[in-house]
Structures are given as structure tokens and as C-alpha cells.
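J.: Predicted structure and sequence below. I'll ask about it afterward.
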Amino acid sequence: MKLYLIFIFVAFSLTTISSCKKTDNIENAGIIGKWELKEMYNGYANGGNYSWNTVSVDNSHTLTFRQNGEYYLKQNVNGNNQECFGTYILQPSNNLEITSSCNSLTEKGFISELTPTLLILDRSGIEGVIRYKYSASK
């Protein structure tokens with residue numbers, strides 16, 4: 001009986017230990033790192049529904065900001081991949097300027113929220129501000 005109880009205890013312990021999952025919480029250091037677009041807040045733009053909308057995989061993109069000021073964008077537009085390279089400048093006021101191989105004009109935005117796992121980037125357009133919500137990515 002004692003051997004049986006030891007066996008049950010060992011089996012239970014092994015099951016408990018092996019069932020624990022390690023979650024990979026990806027965290028970036030400030031803006032430095034890779035960010036994946038998850039949602040957009042349209043406001044007045046695109047019909048003005050004033051809510052966060054999930055971005056489909058076919059229309060998502062990733063941004064990478066490197067410590068040395070390099071910028072990289074990889075986007076999927078309706079199944080077509082595009083890559084852009086350039087540089088960025090982040091001002092102390094959280095204004096962001098991006099010079100990219102995909103755009104002849106300097107892109108300007110404002111970082112309204114930044115945590116190790118979340119980046120919200122606001123960009124002004126003709127119809128108002130469009131907000132982009134990114135999560136830290138591998």
C-alpha cells in the first residue's frame with residue numbers, strides 16, 4: 001500500500017509539472033524591437049465607426065525599430081508582400097518621423113502609448129487621426 005501511495009504521488013507530481021506551460025511574453029525596450037499591427041481605430045476615417053477593428057492577416061504588417069535608428073517595414077497587402085527600409089527619429093515629445101524606401105515623403109506620427117508589449121501610433125490624415133495598435137512580436 002505504501003508503494004502504491006508513493007507511485008500515485010510521483011505520477012501526480014509529474015503530471016502537474018509537465019502540464020505547466022511557459023508563456024512567451026515578448027517585451028520590447030521602448031520603441032526598439034519588432035511590432036505587429038493588430039488593430040486600427042478609424043475615428044472619422046474609413047466610414048468613422050469610432051472603434052478598434054482587428055486587422056486581418058492579409059492586411060497586417062510588422063515594424064522593426066533598431067537601436068541605430070534603422071527602420072524596417074514588412075507588409076502584406078492583399079497577399080502581396082512588400083518590404084521597406086529606412087531610418088526613424090523619435091523626438092522627446094513622442095513625435096516619430098520615418099524616412100522609408102517605399103515613400104518619397106517623410107512619414108510623421110505620434111506615439112500616444114508605449115509599453116514593453118504595446119505601441120499605439122497615431123497618424124494624421126485628411127479625414128482625421130488614424131490610430132494603429134501594435135503588439136510586441138518575435
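T.: Sure, I can see it.

J.: where are the low-confidence patches of the protein?
T.: 1-24, 44-47 (pLDDT under 70).

J.: quick one, helices of it?
T.: Taking DSSP state H as the criterion, the chain contains helices spanning 2-19.

J.: could you pull out the strands for it?
T.: 33-41, 52-54, 61-65, 70-77, 80-90, 95-100, 103-114, 118-125, 128-137 (DSSP state E).

J.: Sheet partners, orientation included, of the third one?
T.: Using DSSP bridges, the neighbouring strands of strand 61-65 in the sheet come out as strand 33-41 (antiparallel), strand 70-77 (antiparallel).

J.: Show me the contact partners of that strand.
T.: Contacts with strand 61-65, where a contact means C-beta atoms under 8 Å, 6 or more residues apart in numbering, come from 31-37, 71-76, 88, 134, 137. Quick note: C-beta positions are derived from backbone N, CA and C, even for glycine.

J.: Among those, list the two that are farthest apart in space.
T.: Pairwise distances across these (C-beta to C-beta) peak at 23.3 Å, for the pair 32 and 76.
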